[in-house]
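Trainee: coords please:
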Amino acid sequence: MRRKIKKEIKGMIQTMSEAHEHVRFLLENKRIAEANDLLSQCQDCAAHIGESIEKSEGMDTKAVSYLETYCEHLYTMSRMIDRKKLSGIKRQLDGCLRQTEYEIDEVIPLDKLKIAFMPYKASMWDCMESVWEAADADEECDAYVVPIPYYERNDKGGAEKLCYEGDIFPADVPITSYEDFSLDKERPDIIYIHNPYDGNNYVTSVHPDYYTENLKKFTDELVYIPYYILGEGGMPDSHRSLPSYQYIDKIIVQDEDKKESMLDFVPEEKIAAIGCPKVDRLLKLDKKKQEILEHEIPQEWREKIAGKKVILFNISITGILNNKRYAMKKIRYVLSCFENRDDVVLLWRPHPLVEATLKSMRPELYEEYMEIKDSFVRKGEGILDETGDAGIAAVVADAYLGENSSSLVHYFGVLGKPVMYIDWAVMEDILEPKRDFLYFHTFFKEGNAVFFVPANWGYAHDLYRIDLDSGEVDKQMTLPGSFYNTWAYYCGIKKVGDKIILAPHNGEDIYIYDLISKHAIKIIPPESNDRSMLFDGVEEYKGKIFLIPKCYPAILSIDIENYNICEYRECIRPFLLEDKSKILFIWAYYKKEKYLYLASCNVSKIIIFNMEDGSFEIRKIGRFLYGYAHMVYDGEYFWLSAYGRNCVVRWNEKTGETTEYIYPIEQEQSMDRTFSWLINSAEYIVICYAFSVDMVFLSKITGEFSWSKKIDCHLAKIKRDSVERTISFSLAKTIGENKAVLFNCKNNSLNVWSMDTDEWKSILCRIPTDELLNMEKNRIEKNMISKGVPYNILEKALAISEFINYIAAWDADVFKQIYECYQKKKTNMTIGADIHNYIIKD
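Mentor: Just a heads-up that it's a prediction; the model follows:
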């Protein structure tokens, strides 16, 4: 007996039982006509039940015999006048129905449930597979997998090509052809579908015979399982209400949030929040990953991924359509990031409908897309995955690179693998040529080496050394303290005795490290919160250090023995600006005996600060309408480079006399805040342009400008090797009577210049690969990962090349999370079984 018939019969028996009591009431109250009408209805029901049983089980069943006796008792009751005997007749009627129901429940065998799974795309079969496995294993069910045909549409929306994918399903899935499965004849108890669009999809359409309205005519339970997997939150707006939902009996959703989001459009009883069967499939595949790698992927894949990490690249149809102006350029850029790499391979998995969609809706993009695809295949460096099984690709891959709108990203969330979301607007990695550049702005010299803390993000506590003779660059130690992901956290370093002092720039703490005790202390200046660019340098006088302010509203001193702090605010007050983020001073300072000379970068004034007693004097430097960026002293005159002008000012402190020298050529970059660095040599003030790779010699005697051909040759090489687009010289300082060092950002080199001989040594400042990878890992895992579902990295925060390096070098365990919206903390792969049990009981 079919379950549907049994359910109908039991419902009718329940109704008939309830009618018996009412018939007795009617007869007792002389309402004979009403009673006879109700008895007649009970007889009709009994006859219908009997016919159904005979049609299902044949003649001569006990159940039909009990129903015949039941009808005789109905007749007796219709003729009964004696009220006392009515109760006895009612008991006989009830007994007949109980016997009939017993036969139906315990004696008459149930037919197996006939369940039809009707996918249309082989690549989407994974949304049903574990449900089918549960149904196939259920001895009370006959499960059929009946892939249905579909049409690809043309650009006018018409049906262009009939497609059928029944021949590309997994080998272990027995396929029944739709041509051999007559809905009218088979009339399955349950039908599962994953395409709810009927004729409302612009790209494809299942054959009209399999629209939901028609399917519902041939089944008791039409069940829709979405073909995608989602993260947190509700259903996509476009899936909350579809015309087909009126014909569907049950919609399976991942979690209660998805269900809640649909309640304004779909009756609650139609929605079941049980889970996504894709999760079962992914976890099952992941358990047999090694077997897949050895036996289930093409030989070409095995050869290409041997010994390498695999990154899956995926973009959606929507992404291409919404970014049509630069979609193809973006794809080319991503593919280029993987070229010539021997540690990682790209697994490009286009959306299965992308070609049909472009051909139909964006034919102008179709040809270029096909050219990119063909070129990728022809080069043979990566893998083009056009198989129907996205789960295999997700298990094989070590990371995901693509859009956040694709449901494929959640495969990686389920598996706990790294995810990076692309930004369609990013077409190049401007940092790639200089990723290993080691930047610094200040240093201290010891012997013939300079020591510094890099300005790079994340290197705030690494002490590096450059040997000026050998050119060797190496990390001496990591100072104890927290990890800082800030550019130029410290700017200003000084060694006083056995202590190293670091001045905060974009950080907030003054750092003092004792080389003997190996201990460090941090001192937080009172007004360091909510400020950046605090200090630019450190000077020492009689056991005290003095921090040179940049935006900080005071000169700050610290006794390096007892760490007492003193702030000198009055001298800075006249230079304060309403906007606290505006720079007050930069590198225009000079220590002479007990005095600290500090020139404003905004006005032509200078502070002469007495480090002995804290007294100060503020003096004007001529009547110029600008401030200053750098300063040197030649024993008689101060020379100051203008901030925002291409000129140098000579200032006589005693007389107040000033002379302005205009550069013979302007710097390359037109900027309001252009400036230069100055070096004091015996005969010249050497002007080192901050925005051009140029050095000009200003004669102290004649005031004339000149150039050095020998120096120009060295500068020409820097220009040839340049990769930096903006600043040139970012540091120029004498380190002896006839020697200077100049840091040039164009090629990130520290240049050692012997001024008396013009000998020039260029030392490239680079971070060793292992240190760079370690630092990038720390920076990524501590600062770049968004704790969404799944955990992810944005291309706005990290370049694709950095992500590739990270995946190639490390096992990214930080992404291994259990997300409740995927599996509710279950890892036993029971979602499909839960759905099956729910539906058959329903």
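Trainee: only C-alpha atoms for contact and neighbour calcs from this point on.
Mentor: Noted.
Trainee: Could you list the low-pLDDT ranges of the protein?
Mentor: Across the chain, the ranges flagged by pLDDT under 70 are 81, 83, 483, 668-672, 724-726, 824-827.
Trainee: next one: stretch 207-220 to chain centre, how far?
Mentor: In terms of Cα atoms, centre = their mean, to the nearest Å, the centre of stretch 207-220 is found 40 Å from the chain centre.
Trainee: Which positions in it come out as buried?
Mentor: 207, 210-213, 215-216, 218-219 (16 or more other Cα atoms under 10 Å).
Trainee: These into CSV, with extra columns for distance to Ser406 and secondary structure?
Mentor: Below are the buried residues of stretch 207-220 laid out as CSV (distance: Cα to Cα, whole Å; DSSP: H, G, I helix; E, B strand; the rest coil):
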residue, distance to Ser406, secondary structure
His207, 26, coil
Tyr210, 26, helix
Tyr211, 25, coil
Thr212, 26, helix
Glu213, 29, helix
Leu215, 29, helix
Lys216, 30, helix
Phe218, 34, helix
Thr219, 33, coil
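Trainee: export those residues to JSON lines and tack on distance to Gly233?
Mentor: Supplementary listing: the buried residues of stretch 207-220 in JSON lines, determined by distance: Cα to Cα, whole Å:
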{"residue": "His207", "distance to Gly233": "33"}
{"residue": "Tyr210", "distance to Gly233": "31"}
{"residue": "Tyr211", "distance to Gly233": "29"}
{"residue": "Thr212", "distance to Gly233": "27"}
{"residue": "Glu213", "distance to Gly233": "30"}
{"residue": "Leu215", "distance to Gly233": "31"}
{"residue": "Lys216", "distance to Gly233": "30"}
{"residue": "Phe218", "distance to Gly233": "35"}
{"residue": "Thr219", "distance to Gly233": "32"}
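Trainee: Between the residues you listed, which sits nearest Asp189?
Mentor: Checking the buried residues of stretch 207-220 against Asp189 by Cα to Cα gives Thr219 as the nearest, at 5.3 Å.
Trainee: ok now do the closest one, which residues does it touch?
Mentor: Neighbouring residues of Thr219 by Cα atoms under 8 Å, 6 or more residues apart in numbering: 187-191.
Trainee: from those residues, which ones fall inside strands?
Mentor: Within these, residues falling in strands by DSSP state E are 190-191.
Trainee: Adding distance to Ile320 and neighbour count, write the contacts of Thr219 out as TSV.
Mentor: Listed next are those as TSV, based on distance: Cα to Cα, whole Å; neighbours: other Cα atoms under 10 Å:
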residue	distance to Ile320	neighbour count
Arg187	42	19
Pro188	40	23
Asp189	41	20
Ile190	37	21
Ile191	34	25
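Trainee: now the contacts of Thr219 in CSV, with distance to Phe313?
Mentor: Converted to CSV, the contacts of Thr219 look like this (distance: Cα to Cα, whole Å):
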residue, distance to Phe313
Arg187, 43
Pro188, 40
Asp189, 41
Ile190, 37
Ile191, 34
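Trainee: Tell me the one of the contacts of Thr219 nearest Met611?
Mentor: Nearest to Met611, judged by Cα to Cα, of the contacts of Thr219 is Ile191 at 88.2 Å.
Trainee: so what's that closest one up against?
Mentor: For Ile191, the contact set (Cα under 8 Å, 6+ apart) comprises 115-118, 215, 219, 221-223.
Trainee: repeat for Glu386
Mentor: Glu386 makes contact with 349-350, 352, according to Cα under 8 Å, 6+ apart.
Trainee: Closest to Ser65 out of the residues you listed?
Mentor: After measuring these against Ser65 - Cα to Cα - the closest member comes out as Pro352, at 59.7 Å.
Trainee: Sticking with the closest one, tell me its helix or strand.
Mentor: Element membership for Pro352 (DSSP states H and E) is empty, with no helix or strand holding it.
Trainee: Tell me where the stretch 251-400 of the chain has helices.
Mentor: Under the criterion DSSP state H, counting those that start in this stretch, the stretch 251-400 of the chain contains helices at 256-262, 277-287, 289-291, 299-305, 317-322, 327-336, 354-361, 363-379, 390-396.
Trainee: Minimum distance to Asp467: which of those helices has it?
Mentor: Of all those, it is helix 327-336 that lies closest to Asp467, at 37.6 Å by Cα to Cα.
Trainee: if we can go back for a sec, output the contacts of Ile191 as TSV; include the columns distance to Tyr333 and secondary structure.
Mentor: Converted to TSV, these look like this (distance: Cα to Cα, whole Å; three-state DSSP):
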residue	distance to Tyr333	secondary structure
Ile115	47	strand
Ala116	45	strand
Phe117	41	strand
Met118	39	coil
Leu215	46	helix
Thr219	50	coil
Glu221	49	strand
Leu222	45	strand
Val223	42	strand
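Trainee: ok, of those residues, which come out buried?
Mentor: Buried members of these, counted by 16+ other Cα under 10 Å: 115-118, 215, 219, 221-223.
Trainee: Look up the closest residue to the residue nearest the centre of the chain, ignoring the ones flanking it.
Mentor: Residue closest to the mean C-alpha point of the chain, counted by Cα atoms, centre = their mean, is Asn792 at 2.9 Å. Leaving aside its chain neighbours, Asn792 sits nearest to Val419 (4.8 Å; criterion: Cα to Cα, 6 or more residues apart in numbering).
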